[in-house]
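> 3D, please:
(2 chains)
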Amino acid sequence: MSGLASGLDWLTGLHGYLAVAASLFVLGAVAVISRKNAIGVLLGVELMLNAAGLNFVIFSKYRTAAIDGQIVALFIIFIAAAEAAVALAIILRFYRLKHSMDASEANLLRD
Amino acid sequence: MAQQALWIPLLPLMAFVIQVFFGKKLPRQGDFVSVLAIFGSFLLAAPIFFRLVTTGDVSDSLSYTWMSLPVGFKGSGTGHPPVNFEIVIGVLVNNLTAIMLFMVTLCSFLIHLFSTGYMHGEPRYHLFFAYISLFSAAMLGLVISDNLLTFFICWELMGLCSYLLIGFYYDRPSAINASLKAFMTTRVGDVLFFLGITGLFYVFKTSNFTQVYQLVHNEALHELMIIGFPALTFIAFMVMLGTVGKSAQFPLHVWLPDAMEGPTPVSALIHAATMVAAGVFLLIRMYPVLEAGHMLPVVGYVGAITAFLAAMLAIVQNDIKKVLAYSTISQLGYMVMGVGVGAFAAAFLHLVTHACFKACLFLCSGSVIHAVHTQDMREMGGLRSKMPITFLAMFVSTLAISGVPFFSGFVSKDRILAGALGYGMEHSQHMLIPILGFAAAGITAFYMFRLIYMTFFGHARDEHKHHHAHEQPAPMVIPLIILASLSLAIWFAGPTGIESVDQILPVHWYDDAMESVQKSMGIVEEHSEVHHTAHSLAMVFSLVIAGLGIGLSTLMYLKAVFNPATWQKMFMPLYTVLVNLYYFDYLYMKILIQKGLLNFNSMLAAFDDRVVDRIFVDGWGRATLVVRSVVGKFDDIVVDRLMVDGTGYGTATAGWLVRRFQTGQAQQYLALMLIALGLFTLKFVL
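Model prediction:
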């Protein structure tokens, strides 16, 4: 037990939180890349944004006495909300255009 | 004076240009242009001649550098001044020139004048005058040339004019053949003459006569060789062959009788003042070279043989112009013989006297032909009363050519024969030369009187033609009178011995003139005892022989004591040979040309066909085809496919490759971005 606990010691404190944030980012990235549904992709983006915001909070807590990081994290949340609104509007327009939510059909950039 | 002499050939040359371009449009087809031009030349030549007669010597020259050819550098290497080979041409007026200019312009002028009557109404009347103007211009240019180059240019111009004029009636096949024959035959001599000029340039580095006369005594030049012969001998031989072609000497005489196809004034021009005289004039100009090249005996033999053989041929001719043609060849033979035996002054004198009486004879024959419209003497006869002036002129000229005393021919011919006899007596191995000369003199007298008797005496053989004959108009008769009066000995004879007469007349002019010419050419004429004896002997011989010839002719053709027909039977083999012209034409046409030249030509044609065409031309074509296919393959494979198409394919492939990434799918872009980010991070960490 102690072996295992000692093996996971680095997960405590800063590194543990960073691991959570990294996991969250990877999950978000995988969702963005692999999801077919455009809303899924949007969800992935939100996850990645939150992972970044988490990092701000973590480093603010463990490395400085100031609360700058927390404030930036709050900004990120606001921006994410605004971005979600814009993104959903785009998705709606896209659905009107293609009658589909499939992100792979959004290939007009190719031309 | 040389400046003035330069205008003498230029005037007829300008007349030629005017006649060719504007002759047809001018009134009277412009004949007056040519006549006035040559008369102008005569007016320019006359003062030069009279200055010679009064002062005994004229001499002037002009020269221009015609071209300057760079041939190398002084010293070796560059940076030295270039050495130029300068070809200088110019005008030389000396006593020979003065006499020739006067004689040629006078004869040409009279012939021009005669032509206005003789050629009246002929087609291409203006062209006829253009041609004879050019002919005179060429001859005068040749006379004033101080070098062999311009001499040769004028020489060739005369060849061209003779071709044009002999073939003047170009609608007659015989005229075309005759003109071609004259052109081709003289060409043989001309080409060899040109070789001689080339040799002359090689040896002397100049062709200026005066310089050649000075250089010819340079012993060092006598050592030079050309293709294995001593250079001077080579040059002298080639110059002599030039004369043989132009002056119709054996064996290249065949063109001259055929040249009778031209209008009669042309015959007069060719035979008297120009063309054939040019050949003899060349020999006289080049005398020092002939002497230095030891060619004089050969020249003597050529002349003597020509004089004799041509005289024999004249006996059997029935065409009045052919008789005169052969007599010209024979008389030219005399002149050539005179040069050969060293009787230089005599040969030149004969050239002048012959020009006058031969021009007269030809113009008289032209007058006769114009009157009776035939050239066959057998259809003439009894014309004496119908054409008294023509008869008288022709009779005087005949006396002159036959060598009767008190006529010009006697003076000059006697001097030649005396020279030949003296030469024969000094060098007894060459005795054949004077023997042939004397024989020819007798024959000449015989056939010339035969001509006179057949034409003017006896009864009319063709009543119809005789009935229509009449004396010719003034432009045709006046030249006859002037030329006939020039056939009198008084103009050419030396001192008469009667002091009061000798003081008035310029009797010494010719000998004085010749003396200074010979001095300038470095010729020493021998005045040995033998020559004095020969002179007296020759006079007796030539008188006796001429008398014999005339007598025999009179008995045969006037008194009919002997029947020519029986003599003809008696000498049948000889007659056959003569009628066939010694088979020269047969020899040339059938053997030399048909068997030799044509075969040679077909050989050359075969060479051209098989070697040049098939091997070289076709071979070159085939080689080009091979190279073409190689180059074509290279072009196709390497250039087109590998490089041109390769560039295209490369671009297309690159485009295809890059296009794979360009899906337009944001997710894929993001994935790639993340991969790149990962890779950068990895790099950063490691």
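
> Quick one: name the residues of the stretch 501-650 of chain B near chain A.
Within the stretch 501-650 of chain B, no position is near chain A by C-beta under 8 Å from any C-beta of the partner chain. In this view, the C-beta of every residue, glycine as well, is placed from N, C-alpha and C.

> from the middle of its chain, how far away would the one helix or strand residue B:312 maps to be?
Secondary structure from DSSP states H and E places residue B:312 in helix B:296-315. On the basis of C-alpha atoms, centre = their mean, to the nearest Å, helix B:296-315 sits 19 Å off its chain's mean C-alpha point.

> Just the C-alphas of that helix, formatted as PDB.
Extracted C-alpha coordinates of helix B:296-315, given in PDB (Å, rounded to 0.1, in the frame of the first residue of the first chain):
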ATOM      1  CA  LEU B 296      61.900  34.300-130.600                       C
ATOM      2  CA  PRO B 297      62.700  31.400-132.900                       C
ATOM      3  CA  VAL B 298      59.500  29.600-131.900                       C
ATOM      4  CA  VAL B 299      57.600  32.800-132.600                       C
ATOM      5  CA  GLY B 300      59.300  33.100-135.900                       C
ATOM      6  CA  TYR B 301      58.400  29.600-136.900                       C
ATOM      7  CA  VAL B 302      54.800  30.000-135.800                       C
ATOM      8  CA  GLY B 303      54.500  33.100-137.900                       C
ATOM      9  CA  ALA B 304      56.200  31.700-141.000                       C
ATOM     10  CA  ILE B 305      54.200  28.500-141.000                       C
ATOM     11  CA  THR B 306      51.000  30.500-140.500                       C
ATOM     12  CA  ALA B 307      51.900  32.900-143.300                       C
ATOM     13  CA  PHE B 308      52.500  30.100-145.700                       C
ATOM     14  CA  LEU B 309      49.700  27.700-144.800                       C
ATOM     15  CA  ALA B 310      47.100  30.400-144.700                       C
ATOM     16  CA  ALA B 311      48.200  31.800-148.000                       C
ATOM     17  CA  MET B 312      47.800  28.300-149.500                       C
ATOM     18  CA  LEU B 313      44.300  28.100-148.200                       C
ATOM     19  CA  ALA B 314      43.300  31.500-149.700                       C
ATOM     20  CA  ILE B 315      43.900  30.100-153.200                       C
END
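
> packing partners for that helix?
Helix B:296-315 sits against helix B:231-246, helix B:320-340, helix B:408-426, helix B:432-456, helix B:572-579, with contacts defined as 3 or more C-beta pairs under 8 Å, 6 or more residues apart in numbering or on different chains; DSSP states H and E.

> Could you measure from residue B:465 over to residue B:391?
Residue B:465 sits 16 Å away from residue B:391, going by C-beta to C-beta, to the nearest Å.

> Going by secondary structure, residue B:475 is in what exactly?
helix B:474-486.

> Just the buried residues of that helix, please?
The neighbour-count check on helix B:474-486 (16 or more other C-beta atoms under 10 Å in any protein chain shown) flags B:475, B:476, B:477, B:479, B:480, B:481, B:482, B:483, B:484, B:486 as buried.

> what sits against the fourth one?
The contact partners of residue B:479, by C-beta atoms under 8 Å, 6 or more residues apart in numbering or on different chains, come to B:110, B:111, B:113, B:114, B:363.

> what's the burial count for the nearest residue to residue B:269 once chain neighbours are set aside?
If the residues on either side of it in the chain are set aside, residue B:269 comes closest to residue B:111, at 5.2 Å by C-beta to C-beta, 6 or more residues apart in numbering or on different chains. Using other C-beta atoms under 10 Å in any protein chain shown, residue B:111 has 29 neighbouring residues.

> what's near enough to touch residue B:111?
So residue B:111 contacts B:132, B:265, B:268, B:269, B:272, B:273, B:359, B:363, B:479 (C-beta under 8 Å, 6+ apart).

> Show me those residues that map onto helices.
Of the contacts of residue B:111, the ones assigned to helices by DSSP state H are B:132, B:265, B:268, B:359, B:363, B:479.
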